[in-house]
Structure formats: structure tokens, C-alpha cells
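S.K.: Task: produce atomic coordinates for the following.
(one chain, ligands or ions: 2)
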Amino acid sequence: MIVVMKPGATQKQIDHVVELIEDLGLKSHIIQGTDRTVVAALGEKRDGAKQALETGDGVEKVMPILAPYKMASTEVKKEPTCVEVLKLKVGAGKIGVIAGPCSVESREQILEVARAVREAGATALRGGAFKPRTSPYSFQGLKEKGLQLLAEARDATGLAIVTEVMAPEHVSLLAQYTDIMQVGARNMQNYPLLEAVGESGKPVLLKRGPSATMDEFLLAAEYILKTGNANVMLCERGIRTFEDHTRFTLPLATVPYLHQTTHLPVVVDPSHGTGKASLVTPMAVASIAAGADGLIIEVHPNPEKAMSDGYQSLTPAAFREMMAECRKIATALGKKM
Ligand code: PEP
Ligand code: MN
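M.R.: Residues are numbered from 1 along each chain as shown. Ligands and ions are numbered 1, 2, ... in the order given. As a prediction, this is how the structure comes out:
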């Protein structure tokens, strides 16, 4: 349920509503809107709870939250959320670009890409150190050494770092190095991992599972939000269909759909979404046109030699061109990129 306070409700009245909610055995969550405060009451449905809350001083109305995801829903918070990490701003009219290699491979490689993508206008650096690979015989990432190299690249460039965390027991190690925790597509429904990244307090980039519905995706985000961590970015990265001309199928209607259903910012990954370098720029442009709040793009100084996902990686020069194309659309939409 959401308890909508009257405009100008006092702190004392809000505190009293929180107390009422907690006495009912529910969890309270305060959302400060521009003209009024809303208090969400989360938990199992309770008989008489609505009536009890309606009697609270300063309460205007009590409404059920219809969506299964509560804190992620626009029913609870209408204003779009902007996630800000160092210079990266994603959401509420700001478009942020995260770019870098699929995997961190060496100091030279990560520093070269970091400088190139920053110059082109990216404000965050991606790079996998713990890699989820389909085959156990493929390169698995440099692990902690990769994290150290990412931190070095941040110190050299000021870019925020985004890297994937694959297991709850790795969260504390990653938290020492990264600015943003990426939860990969394969782990979207790994609930202990979602809780652990939520509790780390670090902003999270949550990728959609290739066969997850929108409700499943938003309920996964809810696991993170429920820990009190409000900095969640949703990432559409393509789904599995019968199509085989692309690695995955990139459904861009999810962008406006998510903007209707959630206040969380939406990032698109056209690199994994297409699996083909030649399709990345057109789909990045299309993502911005569809209203994406951010992009995550694989860039490698020498894609042919990449240890993972080279076929879908842009060269620094191609990334620069992609940024120029995307900016034209962002400007037309009155957004900052
Ligand atoms: C990645 O970002 O390199 C990655 C493995 O992405 P996904 O989880 O979307 O497959
Ligand atoms: Mn990759």
C-alpha cells in the first residue's frame, strides 16, 4: 500500500504513520516527492491495515500498489530516478555512456581504452575481471589483478568503474575497487547475489536475463531496492529468440515500457544485444531515440585480438563516431549526453 500524505504534512505526522506501519508488522519506506510525501507500506497483505492507516493524522489517502514490484513502481515514485556516480549521470534527462572492453586484459589495454573513451565523451569505464563464460575453457578474466587495473584506470582518468560480480562471496572484494556493481544477465535471478550487491551500498547495473519477462526483471530490481539501496540502473541487453542473424534480439520497446512502469533509469547494451560490431552504432542511435538513459558499449583497441567478444567490440575511432551520431538524437530530444 502507499500512504499519500496531505501537502504540507508535518514530520511528526509522517513519523506517526511510519510507526503505525511498523506496528502492523509492515516495512515502511518514505519517498519525498516534490509537493508531498508518500510512505510505502511493504509486506504481506493484512486485514484492516488500510483502515488503520487512513485514520492517521495528515493522511490524505491510502491506496494499494497494484504492481507486484513495489519500490520500483511509478505508482510509488513518479519522478524519474537519476543515478549519479562520479561524472556518470544516468536518468531524468541525463544520458550516461559506459564504455570499455568486454574483459580487462592488460594494463596497456585498459589504460588505452579508458583514455580513448573518456576523450570521446564516456563518463564510465566497463571491463570484466570475473567473466561468466559459456565454456569453462574460455578466458575467465584476470580476477583481482583485473580489479586493480580498473582502479588504476579510474585514478588515471576519473572515469567511474563498472565491473561484473558473479557471486555473493565476491561482493566485498569488488566493493574495494569498483564504483558500480554489474549483475550479469546470467545472474539476474540469483537472489542471494541481488541482496548482497544491494547491501554493499554500491550503485548497481542490473542486466536483464535473456529469457526474463519485464515483471521478473523488475522484481529482481526490487530485491536490490528492498535492501535500502536506491541506485539501480536497469539494462536491456537482448533476449533469446528464434532469430539467428544477431547474437540476441534487442527489443527496444522495453525502454518506453519501463519508463511507463518504473522510475529507474534504463540503459541499453547494443554490443551484447546484437553481437555484431557493424550493428552497434545504428542500435545505439535507436536506443537513444527510444528514450534510453544510458548506453553500455564494448570498445577494444584491437578487436581482432580481444580475449572475449571482439566481434561485437568497436574500435576507439568507431566509438567516437557512434558518440557523434547519438549526440545528434540526444540534442534533438533536448537531453544532455
Ligand atoms: C558483459 O557485459 O560482458 C556480459 C557478460 O554481459 P551479459 O551479462 O549481458 O551477457
Ligand atoms: Mn562481453
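
S.K.: When you work out contacts or count neighbours from here on, use the C-alpha atoms and nothing else.
M.R.: Will do.

S.K.: For ligand 1, see how far away Glu44 is.
M.R.: 32 Å (C-alpha to the nearest ligand atom, to the nearest Å).

S.K.: That residue: which element?
M.R.: Of the helices and strands defined by DSSP states H and E, none includes Glu44.

S.K.: Give the closest residue to it in space, chain neighbours not counted.
M.R.: Nearest residue to Glu44 in three dimensions, chain neighbours excluded: Leu26, at 7.5 Å (C-alpha to C-alpha, 6 or more residues apart in numbering).

S.K.: Count residues in the vicinity of that neighbour, would you?
M.R.: 20 (other C-alpha atoms under 10 Å).

S.K.: Next, the contact list for it, please.
M.R.: 41-44 (C-alpha atoms under 8 Å, 6 or more residues apart in numbering).

S.K.: Equivalent analysis for Leu111, please.
M.R.: 153, 156.

S.K.: Would you confirm that it belongs to a strand?
M.R.: No: Leu111: not assigned to a strand; according to DSSP: H, G, I helix; E, B strand; the rest coil it is helix.

S.K.: residues in contact with stretch 325-334?
M.R.: Contacts for stretch 325-334 (C-alpha under 8 Å, 6+ apart): 281, 284-285, 288-289, 336-337.

S.K.: just to revisit the earlier point, got a PyMOL select line for the buried ones in the contacts of Leu26?
M.R.: The buried residues among these can be selected in PyMOL (16 or more other C-alpha atoms under 10 Å) with this line:
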select buried, resi 41+42
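
S.K.: which stretches of this structure form helices?
M.R.: 11-23, 49-54, 107-120, 144-157, 171-175, 191-200, 214-225, 254-261, 270-274, 277-289, 316-332 (DSSP state H).

S.K.: tell me the domain boundaries of the chain?
M.R.: 2-63, 83-332 (automatic domain parsing).

S.K.: Is any residue of the longest one near ligand 1?
M.R.: It stands for domain 83-332. Yes: counting by C-alpha under 6 Å from any ligand atom, contacts between domain 83-332 and ligand 1 involve 102, 132, 184-186, 207, 237.

S.K.: Out of the domains of the chain, which gets the lowest mean score?
M.R.: The minimum mean pLDDT among those belongs to domain 2-63 (a mean of 91).

S.K.: Now do the spatially most distant residue from the centre of the chain against ligand 1, distance only.
M.R.: Largest separation from the mean C-alpha position in the chain: Thr55, at 38.0 Å (C-alpha atoms, centre = their mean). From Thr55 across to ligand 1, the span is 47 Å (C-alpha to the nearest ligand atom).

S.K.: Kindly report the same for Ala292.
M.R.: Taking C-alpha to the nearest ligand atom, one finds Ala292 at 16 Å from ligand 1.

S.K.: That residue contacts Asp269, correct?
M.R.: No: Ala292 is beyond contact range of Asp269, at 10.2 Å (criterion: C-alpha atoms under 8 Å).

S.K.: If we ignore the residues flanking it in sequence, what's nearest the residue nearest to the spatial centre of the chain?
M.R.: Central residue of the chain (C-alpha atoms, centre = their mean): Met233, 1.8 Å from the mean position. Sequence neighbours aside, Leu205 is the residue nearest to Met233 in space, at 4.8 Å (criterion: C-alpha to C-alpha, 6+ apart).

S.K.: Contacts only, for the one you found.
M.R.: Contacts of Leu205 (C-alpha under 8 Å, 6+ apart): 180-183, 232-235.

S.K.: likewise Leu88?
M.R.: By C-alpha under 8 Å, 6+ apart, the residues touching Leu88 are 96-97, 123-124, 159-160.

S.K.: Could you list which of these belong to strands?
M.R.: 96-97, 124, 160 (DSSP state E).
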